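Enquirer: Predicted model follows, preceded by the sequence.
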Amino acid sequence: MRDTQRKGDIARAIAISTFTSYGYDVSSPLTESASYDLVVDDGKKLYRVQAKYSNSVSGDVGLRRIHSNSKGYVIKRYAKNSYDWLYIYKPSGKEYLIKKCLEGRNAVRPQEKDLLSANIKKVIR
C-alpha cells in the first residue's frame, strides 16, 4: 500500500473516532468514486466530510484527488460543492475542521481558528 493511502486511512479513521466521540453518527460511502470520505449526521443534517492528513513542514494540506486509470495517474481539484466540511489531521494530534468546500484550490494551511474543538459542538444524545 502506498504511504499516501495509509496516511489518508489514518486521517479517516481518526475522524470517525473523533466525530463519534462528539456524539455524531458517521457513515462511509460504499464506493471510491465519491468526492468525500465520510458522512456526519448531527441529528438534523448530513454533512459530507473530506478527511486529509498533513505532515508537511509548511503545514499545507494538498487539496487534490488522485487516482489511476489505464493511461496513468489523474489529478483533479475539487469542484464546487464536492464536500461540506474539510477535516484535517496532523501527527501532532491537532485536528482541524473547515466548514466549507475549498473548490479549485491546490492547498490550504489550517489556522488556529480552524481547530476542531472550536468549530464543533458536542451533540451527545
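Expert: Now that the structure is in, tell me what you want to look at. Residues are numbered from 1 along each chain as shown.
Enquirer: At the geometric centre of this protein, which residue do we find?
Expert: Ala51 (1.6 Å; C-alpha atoms, centre = their mean).
Enquirer: Do I have it right that it meets Asp9?
Expert: No. Judged on C-beta atoms under 8 Å, Ala51 makes no contact with Asp9 at a distance of 9.4 Å. The way it works is simple: take the backbone N, C-alpha and C, and place the C-beta from them, glycine included.
Enquirer: The residue nearest to the centre of the chain falls within a strand, correct?
Expert: Yes. Assessed with DSSP: H, G, I helix; E, B strand; the rest coil, Ala51 lies in a strand.
Enquirer: List the buried residues in stretch 75-93.
Expert: 78, 82-90 (16 or more other C-beta atoms under 10 Å).
Enquirer: May I see those residues arranged in JSON lines, with distance to Ser117 as well?
Expert: As requested, those are exported to JSON lines (distance: C-beta to C-beta, whole Å):
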{"residue": "Tyr78", "distance to Ser117": "25"}
{"residue": "Ser82", "distance to Ser117": "25"}
{"residue": "Tyr83", "distance to Ser117": "21"}
{"residue": "Asp84", "distance to Ser117": "19"}
{"residue": "Trp85", "distance to Ser117": "14"}
{"residue": "Leu86", "distance to Ser117": "16"}
{"residue": "Tyr87", "distance to Ser117": "13"}
{"residue": "Ile88", "distance to Ser117": "13"}
{"residue": "Tyr89", "distance to Ser117": "13"}
{"residue": "Lys90", "distance to Ser117": "14"}
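Enquirer: from those residues, which ones fall inside strands?
Expert: Using DSSP state E, the subset of those located in strands is 85-89.
Enquirer: Going by distance to Val57, which of the residues you listed wins?
Expert: Ile88 (15.3 Å; C-beta to C-beta).
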